[in-house]
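S.K.: need a structure here:
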Amino acid sequence: LSGGLDQVFGSGVNGVNVNNTTFNGLPGGSAIHLVNTTGTITLDANSISNSGNSGILLSNAGTVSITGGTIDNTSLHGIESINTDLTVDGVTFGSALGLAGAGVSITNNDATNRTVNLTNLVSSATSNIGLQGIVINSSGVGTLTANLTGNSLAATQAGLLVNETAGVAATDTVRLNLTGTNTWQSGTGVYAVDMNGQNVDADNSSVVITSLGNGTITGNGTGGGVHFNNVGFDSDLGTVGNQQVAAGTWNIGQGILAGQRVAGDGLRFDGPTGDVGFSTLNIYNNNGTGLYVDTKSVGTTFNLGTGTGTIDTTNGAAMFLDPLTTAMTLTSVTSTNAIGDAVTFDTVGGAIAVGSLNISGASGSGLLIGNSSGLTSTFTTVDISNVGTLVEDNGITLSDAGTVNVLGGTINGTTGNAILSQDSNLTATGLNIGATGTISGDGIGVGNTGTGSSYAVNISNNTIKSTGLAITSFDSGSAADVSKADA
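M.R.: Numbers count the residues shown, from 1 in each chain. Prediction:
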């Protein structure tokens, strides 16, 4: 079919089937445009190109199923769905000529509850889609449930963008269920996955994720990572409280080469609520923070866990956590040339275990832990070098840091101490300090600033070379217990 206006138009009809049809449109209309339809509509294995509007435009179209087919060279979106229950499976976007708009645009702005299922959607290059791969906009009071499975979408902007913007935020208005493996890639300067909700209170958001499945963010050196902004995590909405969302393996970037990394932040949580745990979390990024969590700005409650994984950041901090509860295990954490502190844990509780901590070139401290009396952190080996700008910048800075175990490795080149530990339980053993880079302050300084508590400090089997003293102890309150001090 060829034509200048809508090539199939339906209004007020009950049930439509349009299958195995080739549409070659001209400026001015959509290949298929359905308005105020009822019943079940099936659109299967159609080939759509050169539409002057969206390829398929649905408005209050009841229940629509789209399976297979291709959509190319639209002046707006591939599929635009407004206030419609929709299932789309196996559609390829922009393989011949790119779309000007999004691959799939979903809008829910009234009081009706709806469900959208998007599975096995494909675009192979960021140039195939001019805007987002999938964009979901909700501004009404009706609940929108979106199920996403097995999609592989590259787009000029975000691969997946979600916005909830109702005038009065309500709990769980948008419910996202990601299963299987979804792969996302963005163009320059935008997140590949960007989800934005509104916090209702400290424990609830207007956007809730009930499942994350496995995720791949394709690193291309310019596209971004993942952003959750005022989004909740709760795997069982029928149970009181937030139940952990058990995510699988998430790979954000693919390796240490520049063209394998995502640009900017790797995985960023702003004002998150609930509980999420990744079985494996791998992040490779440049010019941002690898893993960033901020609940302090809006006062939310959040738990984050990892079973294993790697964070590798160039020209940025590897981790910034402030504040939350954790149960995290990571094989390695690496930061080079961070502006400020390379790894920060502020007001963190729970446990963090890092196999290998590698820090170089940070302008602040290599590792900073503060206000975290309920945290136990263990670093099996550390390699910290050339960090600091001021005398208070240390290789490791601890202040009310709970229990910290540093079990081996090297610290070289600091403007302050190799380690400064205040009001913290510290084990530092098997370290070679100052062998190849100047420690401008003391080797290891430990002390109590007058909190009224005592702290256990075990410093053993270390080799220390420093401009100041090898080991210092100061006491403004209760004495610290320092044992096995070796220099």
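
S.K.: so residue 88 sits right up against residue 66, yeah?
M.R.: Yes. Counting by Cβ atoms under 8 Å, residue 88 touches residue 66, with 4.6 Å between them. For every residue, glycine as well, the C-beta is placed using N, CA and C.

S.K.: Need the residues touching each of these two.
M.R.: Jointly contacting residue 88 and residue 66 under the rule Cβ atoms under 8 Å, 6 or more residues apart in numbering are residue 79.

S.K.: which residue is nearest the centroid of this protein?
M.R.: The centroid of the chain falls nearest to residue 267 when counting by Cα atoms, centre = their mean (2.8 Å).

S.K.: Show me the beta-bridge partners of it.
M.R.: Legend: beta-bridge partners of residue 267 under DSSP bridges are residue 226, residue 291.

S.K.: so what's it up against?
M.R.: Counting by Cβ under 8 Å, 6+ apart, residue 267 has contacts 225-226, 250, 252, 281, 283, 290-292.

S.K.: what's the answer for residue 49, then?
M.R.: With Cβ under 8 Å, 6+ apart, residue 49 has these contacts: 23-25, 70-73, 96-97.

S.K.: Which of the residues you listed sits closest to residue 199?
M.R.: Set against residue 199, the nearest of the contacts of residue 49 by Cβ to Cβ is residue 71 (36.2 Å).

S.K.: my read: residue 266 touches residue 286, true?
M.R.: No. Using Cβ under 8 Å, residue 266 is not in contact with residue 286, being 9.3 Å away.

S.K.: neighbour-wise, which of the contacts of residue 49 leads?
M.R.: The most crowded member of the contacts of residue 49 is residue 71, carrying 29 neighbours; neighbours defined as other Cβ atoms under 10 Å.

S.K.: and residue 359, what element?
M.R.: strand 348-360 (DSSP states H and E).

S.K.: where in the stretch 301-450 of the chain is pLDDT low?
M.R.: Residues of the stretch 301-450 of the chain meeting the criterion pLDDT under 70: none.

S.K.: Residue 422: neighbouring residues, count only.
M.R.: Residue 422: 21 neighbours (other Cβ under 10 Å).

S.K.: whoops, residue 37 was the one
M.R.: By other Cβ under 10 Å, 22 other residues sit near residue 37.

S.K.: sec struct for residue 390, please.
M.R.: Three-state assignment for residue 390 (DSSP: H, G, I helix; E, B strand; the rest coil): coil.

S.K.: what's near enough to touch the closest residue in space to it that isn't next to it in sequence?
M.R.: Leaving out its chain neighbours, the residue that sits closest to residue 390 by Cβ to Cβ, 6 or more residues apart in numbering is residue 415, at 6.2 Å. Contacts for residue 415 (Cβ under 8 Å, 6+ apart) come out as 387-391, 393, 440-441.

S.K.: Residue 191 contacts residue 155, correct?
M.R.: No. Counting by Cβ under 8 Å, residue 191 does not reach residue 155; the two are 11.3 Å apart.

S.K.: what about those two, which has more around it?
M.R.: More neighbours surround residue 155 than the other of residue 191 and residue 155, with 33 against 27 (other Cβ under 10 Å).

S.K.: before we move on, the earlier item: ok, of the contacts of residue 415, which come out buried?
M.R.: 387-388, 393, 440-441 (16 or more other Cβ atoms under 10 Å).

S.K.: related to what we said a few turns ago, would you turn the contacts of residue 49 into TSV with distance to residue 379?
M.R.: TSV is the format used below for these (distance: Cβ to Cβ, whole Å):
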residue	distance to residue 379
23	60
24	62
25	61
70	51
71	51
72	52
73	54
96	52
97	52
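
S.K.: Among those, which are located in strands?
M.R.: 23-25, 70-72 (DSSP state E).

S.K.: Now for those: which two are most distant?
M.R.: Between any two of those (Cβ to Cβ), the greatest distance is 13.8 Å, for 25 and 70.

S.K.: and for these two, which residues touch both?
M.R.: 48-49.

S.K.: can you give me the offset of whichever helix or strand comes after the strand holding residue 359 from its chain's centre?
M.R.: Downstream of strand 348-360, the next assigned helix or strand under DSSP H and E is strand 367-370. The gap between where strand 367-370 is centred and where its chain is centred comes out at 22 Å by Cα atoms, centre = their mean, to the nearest Å.

S.K.: How far does the helix or strand following strand 367-370 sit from its chain's centre?
M.R.: Downstream of strand 367-370, the first helix or strand assigned by DSSP H and E is strand 375-387. Averaging C-alpha positions (Cα atoms, centre = their mean) puts strand 375-387 23 Å from its chain's average.

S.K.: For residue 40, which three-state class applies?
M.R.: strand.

S.K.: Export the contacts of residue 415 as TSV, with columns for distance to residue 471.
M.R.: TSV is the format used below for the contacts of residue 415 (distance: Cβ to Cβ, whole Å):
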residue	distance to residue 471
387	20
388	19
389	24
390	22
391	18
393	19
440	16
441	12
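
S.K.: and of these, the nearest to residue 176?
M.R.: residue 387 (39.5 Å).

S.K.: That closest one against residue 395, yeah?
M.R.: Yes. Look at residue 387 against residue 395 with Cβ under 8 Å: they come within range, at 6.0 Å.

S.K.: Between these two, which contacts overlap?
M.R.: Shared contacts of residue 387 and residue 395 (Cβ under 8 Å, 6+ apart): 359, 365-366, 414.

S.K.: now, which of those sits nearest residue 455?
M.R.: When the shared contacts of residue 387 and residue 395 are ranked by distance to residue 455 (Cβ to Cβ), residue 365 comes first, at 19.5 Å.

S.K.: Verify the stated contact: the closest one with residue 401.
M.R.: No. Counting by Cβ under 8 Å, no contact exists between residue 365 and residue 401, whose distance comes to 11.9 Å.

S.K.: Compare these two (neighbour count), which wins?
M.R.: Remark: of residue 365 and residue 401, residue 365 carries more neighbours, 30 against 27, as counted by other Cβ under 10 Å.

S.K.: ok, so what distance separates that one from residue 141?
M.R.: To residue 141, residue 365 is 48 Å away according to Cβ to Cβ, to the nearest Å.

S.K.: cool, residue 401 as well?
M.R.: According to Cβ to Cβ, residue 401 stands 46 Å off from residue 141.

S.K.: and if you look at residue 167?
M.R.: Using Cβ to Cβ, we find residue 167 at a distance of 9 Å from residue 141.

S.K.: now swap in residue 204 and tell me
M.R.: Counting by Cβ to Cβ - residue 204 and residue 141 are separated by 16 Å.

S.K.: which one of these two has more residues nearby?
M.R.: The neighbour count for residue 204 versus residue 141, taken as other Cβ under 10 Å, is higher for residue 204 (20 against 16).

S.K.: What sits closest to the more buried one if chain neighbours are left out?
M.R.: Once flanking residues are discounted, residue 204 sits nearest to residue 171: 4.4 Å by Cβ to Cβ, 6+ apart.
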